[in-house]
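[1] what's the 3D shape of this:
(chains A and B)
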Amino acid sequence: MIEFSNVSKRYDNGVMALNNVNVRIDKGEFVFLVGPSGAGKSTFIKAILKEVNVTTGKVTVDDLLINKMHRRKVPFLRRKVGVVFQDFRLLPNKTVYENIAFAMEILGTPQRNIRKQVPMILALVGLSGKGNFYPNQLSGGEQQRVSIARSMINNPPILIADEPTGNLDPDTSWEIMKVLRTINRRGTTILMATHDREIVDIMKKRVIALENGEVARDDKVGVYGYDD
Amino acid sequence: MTIRPLFTLKEAIKSLWRNRLMSIASVTSVAATLIILGIIFAIIININSIAQSAKDQFDSIQAYMAETATAEDIQELKSTIEGFEGVAEVVYESKSDALLNMKSSWKDNAYLLEGLEENPLPSSLVVYLKDIYYSESVLKQMQVLQGIEEIKSYQDIVEKLLAATEVIRKTGMIVIFVLIGISTFIIHNTIKLAVNARQREINIMKYVGATNWFIRWPFLTEGTLLGLMGAGIAAGMIRLGYDYIYEVLGSDFYAIISVYVIRPEALMSDIVFLFVVIGAGIGALGSIWSMRKYLNV
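    Purely as a prediction, here's the structure:
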């Protein structure tokens, strides 16, 4: 599903963000990406989304070799990979429904299908009946669910969550994790970058730790392993 | 990809209204550019038209006879000139013919000629050419003939007119290119504000997998709209100004010139087409330019 082979990334300022990384994530896996700040987690994620081009090595996403991918094809890669951010990134002047519908409109989905599917995804993330609320009328946890709903509405095979619980209190974080687990059980591959020790330790999923751009650990059932 | 034209248009107008100061600046600059372009265009096509009709009409050379020339001299000259290549016809115009012609062309003011004690006008030979192309060679041959006081040809007028058109066209081109550049830059800045205001939205669109054209489309609409508004204003101003000038020229004093001036309706169809194309072009170019940086995410 996602494969990095001998991937290195050196930025123009000389920083080696990824150093000979070899990782293979299979379909349906749930993987935590951990490591200190500046260890290369962001670059790892950006390489999957082709926000950065790797310097050497091969990156494959859903059987697509994306190194040499033409810029014009990048939108089609992004449609295979849903993304959720720490800061939700919702449009404040659109309702919950519109925020999600927006992601379908971009792909030219007929309104008829949008009207059918948005309520279904809202039910999946536990926000039935909140379609007409604006983001500022929702709690942080609810906003993150909207953001997850938006990232999943077009049924991407992969979901990347970049510190999705970073702005949330522990109880709310667990609710988000339940939603992510549900999505994972439906077959979506999930890669989640996080600093949340408790979640990583309790979930008992695969953990990939990056340090100084290198894979320091890759355990089938791992722990967080840092003190911060 | 769904493109909803009405929705896009509505959004574009909303966004233009939000940045109305810059929108006004953009529309004004496009309008100013196009007005200047319109003026230059109007001058050029009018001079062209005058030169063209002069070419068609003044394919003749008038040779004024010396006072001393006798009827035989004139008859001899006439047959000599008739033998030159390119001459279609030579007509003799006596002193009294010349006076009659002048009276008829002066129309209402002809009474001024009544007071003349003797006819000051010379007799002449009017040489009609098969084509204005022959005028130079015929002129050269005529210049060496005896008994001709003065030769008047319209060739140099036509040439001067055409040369003037060329100068206006060239300087006009340079001025217009500079102005188009400035207008494009101002639109570029306006759209950049709109893009900045919606950067978050663009960012999300990129992550959800929107194609660049999908993202560009609304901004392109905005820019084109600005250009078209400028074109509309410019066309209106040119119409008003040109109507006024046409009317002034049509009034008594300049009546002779006005025959050659292009009618406002004829000018406007060209102007509107030109303005729409260039206005929309400036707008589209400016907006695509302002988006370049944002799309490379």
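
[2] how about the strands of chain A, start to end?
    A:2-10, A:16-25, A:30-34, A:56-61, A:64-65, A:81-85, A:158-162, A:189-193, A:206-211, A:214-219 (DSSP state E).

[3] Present the ones you listed as a markdown table; the columns should include mean neighbour count and mean pLDDT.
    Glycine gets a C-beta too; all of them are placed from N, C-alpha and C. Shown next, in a markdown table, are the strands of chain A (neighbours: other C-beta atoms under 10 Å in any protein chain shown; pLDDT from 0 to 100):
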| stretch | mean neighbour count | mean pLDDT |
| --- | --- | --- |
| strand A:2-10 | 18 | 94 |
| strand A:16-25 | 19 | 94 |
| strand A:30-34 | 23 | 95 |
| strand A:56-61 | 18 | 94 |
| strand A:64-65 | 12 | 89 |
| strand A:81-85 | 24 | 94 |
| strand A:158-162 | 23 | 95 |
| strand A:189-193 | 23 | 96 |
| strand A:206-211 | 22 | 95 |
| strand A:214-219 | 15 | 93 |
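
[4] of all those, which lies closest to chain B?
    Closest of the strands of chain A to chain B is strand A:81-85, at 5.1 Å (criterion: C-beta to the nearest C-beta).

[5] and the spatially closest residue to residue B:223 that is not a sequence neighbour, what does it touch?
    Counting by C-beta to C-beta, 6 or more residues apart in numbering or on different chains, residue B:223 lies nearest to residue B:287, which is 2.9 Å off, once chain neighbours are set aside. The neighbourhood of residue B:287, defined by C-beta atoms under 8 Å, 6 or more residues apart in numbering or on different chains, consists of B:187-188, B:191, B:216, B:219-220, B:222-224.

[6] Could you dump those residues into a markdown table and include secondary structure and neighbour count?
    Converted to a markdown table, the contacts of residue B:287 look like this (DSSP: H, G, I helix; E, B strand; the rest coil; neighbours: other C-beta atoms under 10 Å in any protein chain shown):
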| residue | secondary structure | neighbour count |
| --- | --- | --- |
| B:187 | helix | 31 |
| B:188 | helix | 21 |
| B:191 | helix | 28 |
| B:216 | helix | 21 |
| B:219 | helix | 24 |
| B:220 | helix | 21 |
| B:222 | helix | 30 |
| B:223 | helix | 31 |
| B:224 | helix | 21 |
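
[7] any idea which of the residues you listed is closest to residue A:224?
    Nearest to residue A:224 out of the contacts of residue B:287 is residue B:216 (C-beta to C-beta; 43.1 Å).

[8] buried sites along the helix or strand harbouring residue B:214?
    Secondary structure from DSSP states H and E places residue B:214 in helix B:212-250. Across helix B:212-250, burial judged by 16 or more other C-beta atoms under 10 Å in any protein chain shown covers B:212, B:214-235, B:237-239, B:242, B:249.

[9] pLDDT on that helix, on average?
    For helix B:212-250, mean pLDDT is 90.

[10] Which secondary structure elements does that helix sit against?
    Other elements packing on helix B:212-250 under the criterion 3 or more C-beta pairs under 8 Å, 6 or more residues apart in numbering or on different chains; DSSP states H and E are helix B:5-18, helix B:20-57, helix B:155-197, helix B:199-208, helix B:255-258, helix B:264-295.

[11] Okay, angle between that helix and helix B:199-208 too, please.
    Orientation check (axes from the mean of the first three to the mean of the last three C-alpha atoms, to 10 degrees): helix B:212-250 against helix B:199-208 gives 130 degrees.

[12] what about the stretch 101-250 of chain B, any weak spots by pLDDT?
    Applying pLDDT under 70 to the stretch 101-250 of chain B flags the ranges B:107.

[13] Provide a complete list of residue ranges assigned to helices in chain A.
    Listed in chain order, the helices found in chain A under DSSP state H are A:41-49, A:74-78, A:96-105, A:111-124, A:140-152, A:170-185, A:197-203.

[14] most packed of the ones you listed?
    helix A:140-152 (a mean of 24; mean count of other C-beta atoms under 10 Å in any protein chain shown).

[15] Just confirm yes or no for that helix near chain B.
    Yes. Interface with chain B: helix A:140-152 contributes A:150-151 (C-beta under 8 Å from any C-beta of the partner chain).

[16] Export only the CA atoms of that helix, formatted as PDB.
    Taking Å, rounded to 0.1, in the frame of the first residue of the first chain, the C-alpha atoms of helix A:140-152 are listed here in PDB:
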ATOM      1  CA  GLY A 140     -12.700  20.500  19.200                       C
ATOM      2  CA  GLY A 141     -13.500  16.700  19.100                       C
ATOM      3  CA  GLU A 142     -16.500  17.300  17.000                       C
ATOM      4  CA  GLN A 143     -14.500  19.500  14.600                       C
ATOM      5  CA  GLN A 144     -11.900  16.800  14.200                       C
ATOM      6  CA  ARG A 145     -14.700  14.300  13.400                       C
ATOM      7  CA  VAL A 146     -15.900  16.600  10.700                       C
ATOM      8  CA  SER A 147     -12.400  16.700   9.400                       C
ATOM      9  CA  ILE A 148     -12.200  12.900   9.400                       C
ATOM     10  CA  ALA A 149     -15.500  12.700   7.700                       C
ATOM     11  CA  ARG A 150     -14.300  15.000   5.000                       C
ATOM     12  CA  SER A 151     -11.100  13.100   4.500                       C
ATOM     13  CA  MET A 152     -13.100   9.800   4.200                       C
END
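
[17] who's in contact with that helix?
    So helix A:140-152 is contacted by A:82-85, A:88-90, A:96, A:99-100, A:102-103, A:121-122, A:124-127, A:130, A:135, A:138, A:159, A:161, A:164-165, A:167-168, A:172-173, A:175-176, A:179-180, A:183, A:188, B:208 (C-beta under 8 Å, 6+ apart).

[18] And the helices and strands packed on helix B:212-250: which comes nearest residue B:130?
    Smallest distance to residue B:130 across these (C-beta to C-beta): 12.9 Å, for helix B:20-57.

[19] show me what contacts whatever residue of the stretch 151-297 of chain B ends up closest to chain A?
    Closest to chain A within the stretch 151-297 of chain B is residue B:209: 3.6 Å, counting by C-beta to the nearest C-beta. By C-beta under 8 Å, 6+ apart, the contact list for residue B:209 reads A:75-79, A:106-107, A:154.

[20] among these, which are within reach of chain B?
    With C-beta under 8 Å from any C-beta as the criterion, these include A:75-79, A:106-107, A:154 near chain B.

[21] with those residues in mind, which one is nearest to residue A:16?
    Within the ones next to chain B among the contacts of residue B:209, proximity to residue A:16 (C-beta to C-beta) peaks at residue A:77, which comes in at 24.7 Å.

[22] tell me the contacts of the closest one?
    Here residue A:77 is in contact with A:49-50, A:61, A:64, A:66, A:69, B:209 (C-beta under 8 Å, 6+ apart).

[23] rerun at 10 Å
    A:48-50, A:61-62, A:64, A:66, A:69, B:209 (C-beta atoms under 10 Å, 6 or more residues apart in numbering or on different chains).

[24] Please tell me how far it sits from residue B:91.
    Residue A:77 sits 85 Å away from residue B:91, going by C-beta to C-beta, to the nearest Å.

[25] before we move on, what about residue B:162?
    27 Å.

[26] Same check on residue B:289?
    Per C-beta to C-beta, residue B:289 is found 64 Å from residue B:91.

[27] When these two are compared, which one has more neighbours?
    Between residue B:289 and residue B:91, residue B:289 has the larger neighbour count (other C-beta atoms under 10 Å in any protein chain shown), namely 17 against 12.

[28] from what I can see the more buried one touches residue B:186, true?
    No. Counting by C-beta atoms under 10 Å, residue B:289 sits too far from residue B:186 to count as a contact (11.4 Å).

[29] Grab the most central residue of chain A for me.
    Residue closest to the average C-alpha location in chain A (C-alpha atoms, centre = their mean): residue A:160, at 1.4 Å.

[30] give the contact list for that residue.
    Taking C-beta under 10 Å, 6+ apart, one finds A:2, A:33, A:44-46, A:48-49, A:81-85, A:151, A:189-193, B:207 in contact with residue A:160.
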